[in-house]
Structures are given as C-alpha cells and as structure tokens.
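Asker: just coords:
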C-alpha cells in the first residue's frame, strides 16, 4: 500500500513565524504535491515537484516555498505565517502518469 | 466561473438508497477523471479513476463520464452509513513533465442515515 505521511496532524503557530510542513512517501514516487483545502474552495495546488530539486508553482504559490532534497521527502515552507494561511494542508504523491495518493493532512492554525 | 463545479450539498439519504453525485467542467482538455472519498479529518482516498467516456464499475460504485456534455457522475448503490463522507471529483489539468496536475471540485458532503 502507498503510504504518505505528514509530520504533524495539528499545528498552531503565531503570525510571522516560519513554518515547516514535512511530507514523506515510501513508494519511490517521482511526483509530490502540496495542496491546501478550505471550505467551499476545495483543494488548491500550491506547489509540486516532479524530481529531486525540481519544483513548479501551482495555482496559489504566494507566501509559500518548497524544498525537495530527497526523492521521498517534500517540504512546504511558510516564510512568514499569516492568519489567511490557516487551513488544512495536504501532501500527495504519484508515480509517472498515475493517480495521486494523499497523506492525512496537517491542520494549521495561525493566530 | 470555476473550471469544475460540484454541488456542495449536504446530501442526506436513507441507508440502502442509490446516491448520485455529479460534477460539470468547462475545460475540454481534461482527459482523466477521478473520484476521491474524504472522511472527516482525513486525507482524500482514491475511489475511482477513469480516462474515457462511459461507465466503470467497482462493487457498489459506478463512475460515469460524458465528455460531450462535460459531465461526470458517481453512483453509489445500496448506500451504507460507512459511505458518509465528502466526495471530491478531480480532473487532470495540463501535465508538466511527468506530473499530472489535478483540478478538484469543492466536494459534496454525503450522510447516509441508518
């Protein structure tokens, strides 16, 4: 079974803090994705990566950056957290041309 | 206008009912269509995956795609309380390299009452 894990289920941070969200997959997938999920808006793609050290912007990259130093690990970084970044963050991975598998999500609250 | 429209519900049905969940889309370039199920406080899990018009069946679930109408459906037969979840449709956007970008509907919240 595909397993995608995320470092935290719940996180509370203060405005202006730098926040790191970690995602690890154990299926040797080439592609990894970061989404945020908000009520009424569905899932929106923040960034994705199709190879180590490669990244591409999704639909809403502003205020975020990513890092992929190893194939199995994809990090999402909030450089200076703001209250409008309070959301559910979901990581996903996929092999070439195949469907995406999701982690359990991190519910981030920025106060 | 959103690229993918999905009725958010909520939808409540009695146990044993046939459930129909639907999405419409505007981008004729979409080729791959998926349905994900998301239980409360969990990540989405892939339920059905199709790439052509027509029907695909898997147990109590049937996915239907009508590309000419830009319309996809998920049918759940003999619905069970364990089917209570949010159902998300997803479609392939453009591909960059090997990574398929998905466009998601906003999700339909389903409750199956015992």
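Answerer: Nice, thanks for sending it over. No experiment lies behind these values; they were computed from the predicted model shown.
Asker: make it CA atoms for all contacts and neighbour counts henceforth
Answerer: OK.
Asker: all strands for chain B, in order.
Answerer: B:4-6, B:11-14, B:19-25, B:33-38, B:45-50, B:54-58, B:61-66, B:71-76, B:85-96, B:99-104, B:108-113 (DSSP state E).
Asker: what residues does chain A put near chain B?
Answerer: Counting by CA under 8 Å from any CA of the partner chain, the residues of chain A close to chain B are A:31, A:39-44, A:49-50, A:90, A:94, A:96-105.
Asker: just the buried residues of those residues.
Answerer: A:31, A:42-44, A:49-50, A:90, A:94, A:99-105 (16 or more other CA atoms under 10 Å in any protein chain shown).
Asker: between those residues, which sits nearest residue B:42?
Answerer: residue A:104 (4.9 Å; CA to CA).
Asker: thinking again about what came up before, can you tell me which two in the buried ones among the residues of chain A next to chain B are farthest apart?
Answerer: Greatest spacing in these, by CA to CA: A:42 and A:50 (22.8 Å).
Asker: before we move on, back to that, next step: the buried ones among the residues of chain A next to chain B restricted to helices.
Answerer: Per DSSP state H, helices hold no members of those.
Asker: so, low pLDDT: which residues of chain B?
Answerer: Scanning chain B for pLDDT under 70 picks out B:1, B:93-100.
Asker: just to revisit the earlier point, okay if I get the strands of chain B as TSV plus mean neighbour count and distance to residue A:35?
Answerer: Below are those laid out as TSV (neighbours: other CA atoms under 10 Å in any protein chain shown; distance: least, CA to CA, whole Å):
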stretch	mean neighbour count	distance to residue A:35
strand B:4-6	20	16
strand B:11-14	15	25
strand B:19-25	20	20
strand B:33-38	22	14
strand B:45-50	18	14
strand B:54-58	13	28
strand B:61-66	19	24
strand B:71-76	20	23
strand B:85-96	21	13
strand B:99-104	23	10
strand B:108-113	20	18
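Asker: would you convert those strands into CSV that also reports distance to chain A?
Answerer: Shown next, in CSV, are these (distance: least, CA to the nearest CA, whole Å):
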stretch, distance to chain A
strand B:4-6, 10
strand B:11-14, 15
strand B:19-25, 13
strand B:33-38, 8
strand B:45-50, 7
strand B:54-58, 16
strand B:61-66, 16
strand B:71-76, 17
strand B:85-96, 8
strand B:99-104, 6
strand B:108-113, 10
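Asker: among those strands, which comes closest to residue A:5?
Answerer: Nearest of the strands of chain B (CA to CA): strand B:45-50, 13.4 Å.
Asker: what's next to that closest one, contact-wise?
Answerer: A:99-102, B:32-38, B:56, B:58, B:63, B:65 (CA atoms under 8 Å, 6 or more residues apart in numbering or on different chains).
Asker: ok, 7 Å please
Answerer: A:101, A:102, B:32, B:33, B:34, B:35, B:36, B:37, B:38, B:63 (CA atoms under 7 Å, 6 or more residues apart in numbering or on different chains).
Asker: which pair of those residues spans the longest distance?
Answerer: Greatest spacing in those, by CA to CA: A:102 and B:63 (20.4 Å).
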